[in-house]
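Participant: task: produce atomic coordinates for the following.
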Amino acid sequence: MTPRSPRLGRLIAAGLIGLVACTSAPDSGPSTSPTVSASEPSPSNGQSGPIQVASGSVQIQPPPGGSFLVRGAYPRIHSRCKRYERPRLTARYPGTLAVERSDDGTLAITVTLPFESYLEGIAEVPPSWPRAALEAQAIAARSYALATTGWDGAAGETLDTPICATTACQVYRGIPVPRVPETRRWYRAVRRTTGKVLVHQGRPAETVYFSTSNGRTYGNEDVFGSAPLPYLRPVIERHDGASPTSRWRVRLPFGDAERFLREAGEWGRDRITRIRLDGSGVLVSGGGRTRNMDLSTFRDAVNVWAPCLEPARYPPAPLPVTIPSRWLAISSGAGAVVVTGRGWGHGAGMVQWGAYGKARRGFPAARILAFYYGGRRPRRYPEPGLIHVQVANGLTRLKIRPSGPGAVLDDTPLGPGVVVIAGGDSMTVDGSAPGAP
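Facilitator: Below you'll find the predicted structure:
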């Protein structure tokens with residue numbers, strides 16, 4: 001599920017940015033008690049250097065009431081992109097970290113933390129938004145997390161099924177780095193709605209949501225191909241006009257289109273002279289031939305390669321991507337194609353900018369949610385105590401700094417300083433580094 005934006009993962013993974021995103025939950029949860037091999041000394045800040053960890057996993061508990069500042073490096077890759085910068089992870093997490101070496105030698109991080117702390121780290125809407133919009137988002141995020149992980153335990157139990165931290169689930173970023181004062185408004189919205197969930201047939205409803213509509217929402221069967229759900233029925237949206245993607249226009253010179261489609265493997269060396277819609281596809285013509293491609297193929301090629309090859313021009317401000325949605329029209333003119341459209345996101349459930357508009361008009365959170373989710377209003381529902389969140393993978397190296405004394409790596413207390421963890425043929429841990437990450 002993509003709450004806010006179309007998924008470009010299969011093209012990004014091809015080597016454009018080098019970032020390996022979290023995917024949907026695996027069949028089994030993360031190990032809750034990884035340990036250093038008994039045949040080797042446990043790492044601590046008093047050591048003189050790194051040691052190998054035969055088990056390939058470690059667990060680091062935070063100081064009491066504290067957190068970890070985590071900085072991570074991804075593999076170096078060759079990129080044809082202009083202004084390419086090697087991606088890095090910088091985040092602060094308030095829970096227990098489980099770091100595991102994958103079969104390819106890279107490192108994955110799962111954080112285990114209180115469920116309400118997880119919700120405080122959700123970064124789906126600006127914390128400056130009206131109170132009612134923030135509360136509606138908090139309830140939708142809480143309901144979605146419980147529904148998609150299959151939560152059916154008693155209050156306070158651990159939710160065993162992990163959830164990812166990207167738009168494939170819902171965006172979790174932990175404690176903002178640097179700290180943002182307005183984030184406290186989001187924290188208050190989470191606290192004010194504690195335990196409030198939208199329910200269908202006695203279970204949390206899968207309250208999907210997205211950024212901006214094209215004037216309406218769609219049934220889940222039309223978006224995801226799943227059986228129709230009574231709380232995900234189409235509605236008319238009139239209140240998301242403040243969104244920068246409510247109505248958008250992009251001019252794409254044919255020469256640019258040729259380069260982007262060629263790099264994506266969708267076009268040859270011929271000059272493009274016309275691009276037009278044909279039903280659900282796009283017809284690209286030039287050099288005496290016409291190529292029919294899916295609209296999603298055309299959008300993916302442009303959205304990936306435009307900012308890569310021409311970062312100064314694409315995406316044009318204030319758009320998040322060059323062609324934000326599939327709700328569009330295409331016209332060819334003198335030397336260019338013009339794409340006009342509306343919206344951003346998959347199209348089912350709550351419209352986040354619509355919630356913003358309704359809150360500005362005085363709608364309370366319960367009324368906002370009822371509008372989008374078939375009249376359902378929040379009710380109390382048992383919450384888990386802890387949740388596992390897959391926050392990152394594909395890393396080559398980590399530097400982890402506790403917020404204070406009292407952190408523990410497996411069974412060994414950590415002193416001041418930084419824990420450095422590296423992947424490769426084996427995992428190594430060095431708890432002797434004194435400097436900041």
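Participant: correct me, but P384 touches D152?
Facilitator: No: checked against C-beta atoms under 8 Å, the pair P384 and D152 is beyond contact range at 10.1 Å. Just so you know, the C-beta spots here come from the backbone N, C-alpha and C atoms, and that holds for glycine as well.
Participant: got the domain ranges for this structure?
Facilitator: If you go by automatic domain parsing, the domain ranges for the chain are 9-21+59-240+349-433, 248-341.
Participant: ok, which of those domains comes nearest P50?
Facilitator: domain 9-21+59-240+349-433 (3.7 Å; C-beta to C-beta).
Participant: state the mean pLDDT of that closest one.
Facilitator: Mean per-residue pLDDT for domain 9-21+59-240+349-433: 93.
Participant: so how far is it from its chain's centroid?
Facilitator: 7 Å (C-alpha atoms, centre = their mean, to the nearest Å).
Participant: and if you look at stretch 269-287?
Facilitator: In terms of C-alpha atoms, centre = their mean, the centre of stretch 269-287 is found 33 Å from the chain centre.
Participant: and it, which residues are buried?
Facilitator: The neighbour-count check on stretch 269-287 (16 or more other C-beta atoms under 10 Å) flags 272, 275, 281-284, 286 as buried.
Participant: for the stretch 1-150 of the chain, what spans make up the strands?
Facilitator: 51-53, 57-61, 68-73, 88-93, 96-101, 107-114 (DSSP state E, counting those that start in this stretch).
Participant: that older thread, mind checking which of the buried residues of stretch 269-287 are in strands?
Facilitator: 275, 281-284, 286 (DSSP state E).
Participant: quick check, nearest of the buried residues of stretch 269-287 to V338?
Facilitator: I275 (9.6 Å).
Participant: quick check: the closest one touching S332?
Facilitator: Yes: using C-beta under 8 Å, I275 is in contact with S332, at 5.6 Å.
Participant: circling back to that earlier point, would you turn the domains of the chain into TSV with distance to Q52?
Facilitator: Putting the domains of the chain into TSV (distance: least, C-beta to C-beta, whole Å) gives the following:
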stretch	distance to Q52
domain 9-21+59-240+349-433	5
domain 248-341	38
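Participant: picking that back up, mind checking which of the strands of the stretch 1-150 of the chain is nearest W344?
Facilitator: Using C-beta to C-beta as the measure, strand 88-93 is the one of the strands of the stretch 1-150 of the chain that comes nearest W344, at 24.8 Å.
Participant: in this protein, which residue is most central in space?
Facilitator: Closest residue to the average C-alpha location of the chain: T166 at 2.0 Å, with C-alpha atoms, centre = their mean.
Participant: turn the buried residues of stretch 269-287 into CSV, columns for pLDDT and distance to G415.
Facilitator: CSV is the format used below for the buried residues of stretch 269-287 (pLDDT from 0 to 100; distance: C-beta to C-beta, whole Å):
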residue, pLDDT, distance to G415
I272, 97, 63
I275, 98, 62
G281, 96, 62
V282, 98, 60
L283, 98, 66
V284, 98, 62
G286, 96, 66
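Participant: ok, of those residues, which one's closest to G343?
Facilitator: Taking those together and measuring to G343 by C-beta to C-beta, the closest member is V282, at 18.1 Å.
Participant: partner residues bridging that closest one?
Facilitator: Counting by DSSP bridges, V282 is bridged to L277, M293.
Participant: so how far is R80 from it?
Facilitator: Between V282 and R80 the computed distance is 24 Å (C-beta to C-beta, to the nearest Å).
Participant: what does L134 give?
Facilitator: 41 Å.
Participant: likewise P94?
Facilitator: Applying C-beta to C-beta to P94 and R80 gives a distance of 39 Å.
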